[in-house]
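[1] Fold the following, please.
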Amino acid sequence: MAGNDKTFKTYIMILLRKIHSHVWNTFIFSAILLSSCCPPPVDDEVYINIYQNMSIETIPVENVIDTCYRRSPEFFFANSAMFDKEPRGKFLLHAHGYVCEVDSGNMLATLAEAAWHMGMERNGDLIRIDFDSLIVKDDNESRLSADYARAMSMENTPTYIVEISKTQSAPSPVRMEKGMIGFGSWDTEVEFKDIRIEADGKNILYDVSCCRADSGEWKVQDGILMQTSRQLRTRAILPDFIGNEYVLTFKTRRTKGNEGFFLYYGLSANGKKGYCVNVGRWGNRFINIEDTEGEVVTKILPWHLKNNRWYDVKLVSTSEGVEFYVNKRLVIGYKPVMPRQFYAAGYDEKTGETVVKVVNAADTPYKVRFHLAGGTRVEAKGRVLTLAAATGMDENTAEEPKRIYPRESEFREFGEQFDYEFLPFSYTVMRIKTQTFLSIAVMACGGKTNLETALIQAGDNRAELEKVLNHYAVDSLKHKAACFLIENMPYHYYYTGEEVDYEKQFFKMLHEATLSPEAIADSLNRGRMNEQFGRTELKYDIREVDSAYLVHNIDWAFKVWREQPWGKKVSFENFCEYVLPYRVGDECPVEWRERLYNKYNSLLDSIRLKPESVYPWIVADVLLDSLKKRSPRFVSYSYAKHSAGPEIADWLSGNCEDLADAFTYICRSLGIPSGCDEMLMRGDNNVPHYWNFVLDDHCDAFFCSLLYPGPLIQSHTYDAPQGKVYRRMFSVNRDMMKMMNQPPEKIHPTFRYPLMLDVTDIYSDCEQTIHIPESRFLIRPEQDEVIYLCLPSRMEWVPVAVSKCKDGQVSFENVDGNAVFCLSVYRDKKLLPISVPFWVHKELKYFRYFGNGEEMEQVIILHKFNLFIEPFIDRMVGGAFEGSNDAGFRKKDTLYLIEEKPVRLCNVAYVDKSKGYRYFRYYGPAGSYCNISEVGFYRETGDTIPLKGQVIGTPGSFDGDKGHWYMSAFDGDPYTSFDYKQPDGGWAGIDFGKPVSVGKIVFTPRNRVNFIRKGDKYELFYAGKGGWISAGVTVADSDSLVYNVPKGALLYLKNHSGGVDERIFECVDGEQVFW
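    Here you go, the predicted model:
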């Protein structure tokens, strides 16, 4: 890090494991490298919190693997964290030594070996270092700097060895070597053409016939380079170009196979070193950049290639790295860096010292501010052992055998906070006198108030919860997990009673029977003869859950976390929130982990032993694909008022919330960090929506759902009008509660005890903070009153965010647009709107208010819901009305062609009546099944009664339903329809017996009764002060309604005669615009 030009934020979790017989006592050091808004006086700040952690038994190993590492310094630097990724419980590594084969005597190699040693040291549960057999690299009498470094490492090995999740501090860029370019594939036939290289001011179209193939079956045809085999690895190299500063463009497509293509760059002369962009790996689902040995060097991202589609590809290469584009979109990039600072820490029980080891392989000093917490006392005076050199190339010689030699010094400024500057090219060991203490519940749980409050609320159940705490008294990580659950249990509850039992029966029948959900619900309702039915008893977890249940849940959660390969990528914090919880909703707590683990764990056998199994989201994608093959049953109707419980993971049936619960249960039983994200209310519909997320190793989230086809996708690519998105949490959002700072009864139930976290920003690239001035309030809120940002659901406003007035306005952060909102307050157990509704733009980041003034306007209303729920109206586009005097329509004239989808029930087409025809018909476009509800032919444009004749048409209907034959198009009922048995070729017409002239055609699309219906009673409302205001009740006498309303008002049409599909809208330039 150069001076103060940059700030750097890194999180380091150091897990200390004590090797003592078959028991490890564990300490945790959480070191967080923080940045601040102002340039800090140090390069990094390291926060170290020490508290005693868990005690576990050694996992039996099946194999002992002897190994010795002889690599380059670059390898040791770049891979010092390699063992952090290895799965536990399958083998034990016996390390006989390590040595830099290149420049082995210089200081840079020494520091590389020291960094490597620290990586092995912190993985002491996996690696046994054989210090006695460390390789001696030199037979002369002088000792190399590496020998001194090994001695420092051996002599300062703490009792508690280290597992660290991130060792890199300030990485330095590595210059990309010049190399060749190549193309290839894996089990896929691919083609490449129009290969151009722009370099040194020249743009050259490459002759693909010059390509040199070293694997696969390649040929050139019509200027296209083709790989025509299904070999597992193929490659063809452009031999006449070597460079690292260029722009490569080409077109490519896959024609057959299971994956995508390879693009090689930076290849060495022998082709053994370099990099590869792997596009469409693992079944054409992902993309990443890897080196030629298969080591992945970037994140693995979702990506899919369609068959037989040409893609425009561009690779921009510089000496610092590459960027890879597809169809002008940046997909992935890579700039290789080399970590230059490395950390390890431990505690020496014999001397009572904290041992901190730091490697600084940079050519500049490295100043760090340490914050040491968790000890009862830190002495100011301590020892520092430093091995340093002037340059990385320095080494000891016979003339100067101690040119590089450990120097011990005394440091007198140790404390809970201290600064230390590490020399360039140095390996430093600090020994700090520290008195430690055993963690108690207060320390492990982050504060006395939350835990003590929960235990007090437990009442008679307190003894059960204290049994759990005592059970884990010497296992502080499980103790901390127990505290996490207990201190949040007061906010969780469930119901018991016959009603709940019937709800579970609904899900079971939904899974086992083919009946519709309505029919299942009706059969269950017939059993509701008991007067006691419907009564449920509310129970709180804090007063009911016993110790045996909690212990079983905690032990099994830890088991899968530690045993599964992907557990290495799950932090303790994410484990607590997204693996550990024993419930997902308001279901009755029952044991489920072991049963679901045994049922579903085998689904992951295909991925478990592969290198990519360390990524939770890749494992989740395999699981999701397997579960989809079991055909989950989705229904929009739900009989249940409460969560189904873990049995839903067996039934895989229900609405989007039920299926999200099912996937959450299964993931957590297998140690995959997952949960449910939700829209409390959709921005474009009257219902909430639920789906799953899975965390990746960078704590980003991937969208996934049992309902959606295809693999997991990155969250920000999920496109829906969201308004606000929340993540369901087991822990209560105390920051939100603190902000509201009101008695529970004064807070809307949705936010009273918020078990949620706002994650709108990870789903939207256009989130914004909106500010509404008090001048826009129709009703003034009370002092310190909570104000709710609401989305509409029919005529109700549903709260989706909370805030308070400050400096004359109320502000809401992370609001996703393209939705209509309103502000409300919660009074007398109901929401009271206090503002005019307003619309928030998604991309331009502005919003506008709907009108509620005195200026009036006339509006014409044709339907009560957005026509996107009318799937059949689109089927009329391209349909034609034809006339003929030939019964077979061999000679015909097109009277009218439907070019736009109909927007009302009765649509009028005026036609030329100068010519008469005996036969008239409607001919449906391709793929439409000739869907039409009603047709009328009129002699004059002013006629109101259609002409009569003999109905004719193509016989048959879809699924043999005789109610949907062609006669339905002429029965006078706009709610019956023709649905032909084939997608193409259907028509419905009329034979008038003789030629007649027609001047008007009136037609009705097939519909779901959302247009204005003659004879129904309607009432129009507009949004005004205090809520919805009626603009009048009327009975429809046609397919339209006419009202006078305030200009620019937000409107809502209620059909009092029936139907539930209704939605807010406005009238703009004579058209209804629904939101």
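[2] Against residue 189, how distant is residue 219?
    Residue 219 is 11 Å from residue 189, where distance means Cβ to Cβ, to the nearest Å. (Each C-beta comes from the backbone N, C-alpha and C, glycine too.)
[3] pLDDT of stretch 898-907, averaged?
    Mean pLDDT, stretch 898-907: 94.
[4] Please disregard the earlier target; I meant stretch 383-396.
    The average pLDDT for stretch 383-396 rounds to 93.
[5] Quick check, central residue of the protein?
    Geometric centre of the chain, nearest residue: residue 702, 2.2 Å, by Cα atoms, centre = their mean.
[6] I'd assumed residue 619 was in contact with that one.
    No: in this structure, residue 702 is not within contact of residue 619 by Cβ atoms under 8 Å, at 11.4 Å.
[7] just to revisit the earlier point, intersection of neighbour lists for residue 219 and residue 189?
    Among the neighbours of residue 219, those also in contact with residue 189 (Cβ atoms under 8 Å, 6 or more residues apart in numbering) are 226, 228.
[8] okay, these two: which has more neighbours?
    More crowded of residue 219 and residue 189, by other Cβ atoms under 10 Å: residue 189, with 19 against 11.
[9] In three-state terms, label the more buried one for me.
    Using DSSP: H, G, I helix; E, B strand; the rest coil, the three-state assignment for residue 189 comes out as strand.
[10] who are the neighbours in contact with it?
    Per Cβ under 8 Å, 6+ apart, neighbours of residue 189: 226, 227, 228, 229, 230, 254, 255, 256, 257.
[11] That one - nearest residue in space that isn't next to it in sequence?
    Setting aside the residues directly before and after it, residue 189 is nearest to residue 256 in space (Cβ to Cβ, 6 or more residues apart in numbering), at 4.3 Å.
[12] picking up where we left off before, list only buried entries from the contacts of residue 189.
    226, 227, 228, 230, 254, 257 (16 or more other Cβ atoms under 10 Å).
[13] what's the distance between the residue lying closest to the third one once chain neighbours are set aside and residue 1033?
    Once flanking residues are discounted, residue 228 sits nearest to residue 217: 5.0 Å by Cβ to Cβ, 6+ apart. Distance from residue 217 to residue 1033, counting by Cβ to Cβ: 76 Å.
[14] helix or strand for the residue nearest to the centre of the chain, which one?
    Element membership of residue 702, judged by DSSP states H and E, is strand 701-704.
[15] That strand: partners in the sheet, and parallel or antiparallel?
    strand 689-695 (antiparallel), strand 713-714 (antiparallel) (DSSP bridges).
[16] average pLDDT across that strand?
    The average pLDDT for strand 701-704 rounds to 89.
[17] Kindly export that strand (C-alpha atoms) in PDB.
    C-alpha atoms of strand 701-704 as PDB (Å, rounded to 0.1, in the frame of the first residue of the first chain):
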ATOM      1  CA  ALA A 701     -26.200 -13.900  -2.500                       C
ATOM      2  CA  PHE A 702     -27.500 -15.900  -5.400                       C
ATOM      3  CA  PHE A 703     -31.200 -16.000  -6.300                       C
ATOM      4  CA  CYS A 704     -32.700 -19.400  -6.500                       C
END
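[18] Identify each buried residue in it, please.
    For strand 701-704, the neighbour count (16+ other Cβ under 10 Å) marks 701, 702, 703, 704 as buried.
[19] Need the contact partners of it.
    Contact partners of strand 701-704, identified using Cβ under 8 Å, 6+ apart, comprise 302, 617, 620-621, 624, 663, 677, 691-696, 711-715, 717-718, 759, 762-763.
[20] Quick one, which of these are buried?
    For the contacts of strand 701-704, buried by 16+ other Cβ under 10 Å: 302, 617, 620-621, 624, 663, 677, 691-696, 711-715, 718, 759, 762-763.
[21] before we move on, the earlier item: which ones among the buried ones among the contacts of residue 189 map onto strands?
    Among these, the members falling in strands (DSSP state E) are 226, 227, 254, 257.
[22] OK, contacts around the second one?
    Okay, so that is residue 227. Residue 227 neighbours (Cβ under 8 Å, 6+ apart): 183, 184, 185, 188, 189, 190, 191, 216, 217, 218, 234, 236.
[23] mind running it again at 10 Å?
    Shown in contact with residue 227 (Cβ atoms under 10 Å, 6 or more residues apart in numbering): 183-185, 188-192, 213, 215-219, 234-236, 254-255, 257, 261-262.
[24] before we move on, the earlier item: can you give the distance of the strand holding residue 702 from its chain's centre?
    On the basis of Cα atoms, centre = their mean, to the nearest Å, strand 701-704 sits 2 Å off its chain's mean C-alpha point.
[25] any shared contact partners between residue 702 and residue 619?
    Residues touching both residue 702 and residue 619 (Cβ under 10 Å, 6+ apart) are residue 694.
[26] can you give me phi and psi for the nearest residue to residue 415 once chain neighbours are set aside?
    Once flanking residues are discounted, residue 415 sits nearest to residue 378: 5.4 Å by Cβ to Cβ, 6+ apart. With angles defined as degrees, to the nearest 10, residue 378 sits at phi -120, psi 120.
[27] Residue 378 bridge partners, please.
    Under DSSP bridges, the beta-bridge partners of residue 378 are residue 434.
[28] hang on, it packs against residue 356?
    No: using Cβ atoms under 10 Å, residue 378 is not in contact with residue 356; the gap is 12.0 Å.
[29] Okay then, goodbye and thanks.
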